[in-house]
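In: Just the structure for this:
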Amino acid sequence: MSVLAVLDPAVAVAHTVVAGLAHVVPTALAIVLFTVAVRLALHPLARAAARGEKDRARLAPKIAELNRKHKDRPEKLREAMADLHQKEQVSPLAGCLPALVQIPFFSVMYRLFTTSDDLQSHTVFGTPLGLHVANAHGVGQLAVFGVLYAGLAAVGYVNFRRARRAAAAAQTAQPGAAFLPYLSFGTVLFAALVPLAAALYLVTSGVWTATERALLHRGGAPVPTLAVA
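Out: Residues are numbered from 1 along each chain as shown. All right, here's what the predicted structure looks like:
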């Protein structure tokens, strides 16, 4: 029994919604519409995360000073950082919340299109939604996957540039910070492991995320961006 079986009640609801939409529009478009609806429901969390990120950017000079002051006393540094966040009422984890909340939604979509035979058989330009790229045959099917991967790569590049700007604006260098921007392309690699329908979800969610961040952070300092769907 799969550990994802715990999601089956949610999968049943998602199946009802997507299957219902698929009676009106193509199934691929139904996936896009369902994804947009999910991300729209999560938008208040994204707004809260943006406020948290801006607060942390505002505190960056103070954090840099604490790092310099207590660089040889890690315990004292942790206490000082906790006091600073408490005083400023800023959570160091606020920006992670939308990404964490998306995980169960993606898991539901992944299980939906690996267990629902009626939806897996639907196609996008002749390519079944339940198909993995490793099992693709012919130029047409490979082209469909190629277009999706190119879209994910484009979104990854936007996030990569944002992350590079954030790293350049940071006043302290953290271990592995130079590598973090390249995680923006991780979604492309992950998409190669999931069915076409899940890759379509990743593209839609990725475009939404990039657009949402651009709107929420316009005119402000760049903030780190991870590879999030």
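In: Now do the strands in the chain.
Out: 123-124, 127-128 (DSSP state E).
In: So what touches the first one?
Out: To tie it back to what came earlier, the one meant is strand 123-124. With contact meaning C-beta atoms under 8 Å, 6 or more residues apart in numbering, strand 123-124 is reached by Pro26, Ala28, Leu129, Val144, Leu196, Leu200. In this view, the C-beta of every residue, glycine as well, is placed from N, C-alpha and C.
In: returning to what we had before: mean pLDDT and distance to Gln86 added to the strands of the chain, as CSV?
Out: As requested, the strands of the chain are exported to CSV (pLDDT from 0 to 100; distance: least, C-beta to C-beta, whole Å):
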stretch, mean pLDDT, distance to Gln86
strand 123-124, 90, 50
strand 127-128, 92, 52
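In: Out of the ones you listed, which one sits most buried?
Out: Mean neighbours per residue, mean count of other C-beta atoms under 10 Å, is largest over the strands of the chain for strand 127-128, with a mean of 20.
In: Phe125 contacts Leu142, doesn't it?
Out: No. The pair Phe125 / Leu142 is not scored as a contact, 11.3 Å apart, by C-beta atoms under 8 Å.
In: The strands of the chain into a markdown table, with extra columns for distance to Ala49?
Out: Below are the strands of the chain laid out as a markdown table (distance: least, C-beta to C-beta, whole Å):
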| stretch | distance to Ala49 |
| --- | --- |
| strand 123-124 | 32 |
| strand 127-128 | 35 |
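In: circling back to that earlier point, of Phe125 and Leu142, give the one with the bigger neighbour count.
Out: Just comparing Phe125 and Leu142: by other C-beta atoms under 10 Å the higher neighbour count belongs to Leu142, 13 against 10.
In: And that one, how far from Leu148?
Out: Distance from Leu142 to Leu148, counting by C-beta to C-beta, to the nearest Å: 11 Å.
In: And the closest residue to Val25 other than its chain neighbours, what's its pLDDT?
Out: Distances taken as C-beta to C-beta, 6 or more residues apart in numbering put Leu33 closest to Val25, at 7.1 Å, once the chain neighbours are dropped. Here the pLDDT value assigned to Leu33 is 93.
In: Ok, the one 10 residues further on next?
Out: pLDDT, the model's per-residue confidence, is 85 for His43.
In: Next, the contact list for it, please.
Out: Glu212.
In: ok, Val194 to Ala210 distance?
Out: In terms of C-beta to C-beta, Val194 sits 20 Å off from Ala210.
In: Run a quick neighbour tally on the closest residue to Ala192 other than its chain neighbours.
Out: Nearest residue to Ala192 in three dimensions, chain neighbours excluded: Val133, at 5.6 Å (C-beta to C-beta, 6+ apart). Residue neighbour count, defined by other C-beta under 10 Å, stands at 20 for Val133.
In: Tell me who's in contact with Val133.
Out: For Val133, the contact set (C-beta under 8 Å, 6+ apart) comprises Leu142, Phe145, Ala192, Leu196.
In: Which strand residues bridge Val124?
Out: Beta-bridge partners of Val124, counted by DSSP bridges, are Thr127.
In: can you list the residues that contact the one helix or strand in the chain whose mean pLDDT sits lowest?
Out: Lowest by mean pLDDT, DSSP states H and E among the helices and strands of the chain is helix 97-115, with a mean of 74. Residues outside helix 97-115 that contact it (C-beta under 8 Å, 6+ apart): 2, 4, 7-8, 10-11, 14-15, 18, 31, 35, 38, 42, 45-46, 48-49, 119-120, 129-130, 194-195, 197-198, 201-202, 205, 226, 228-229.
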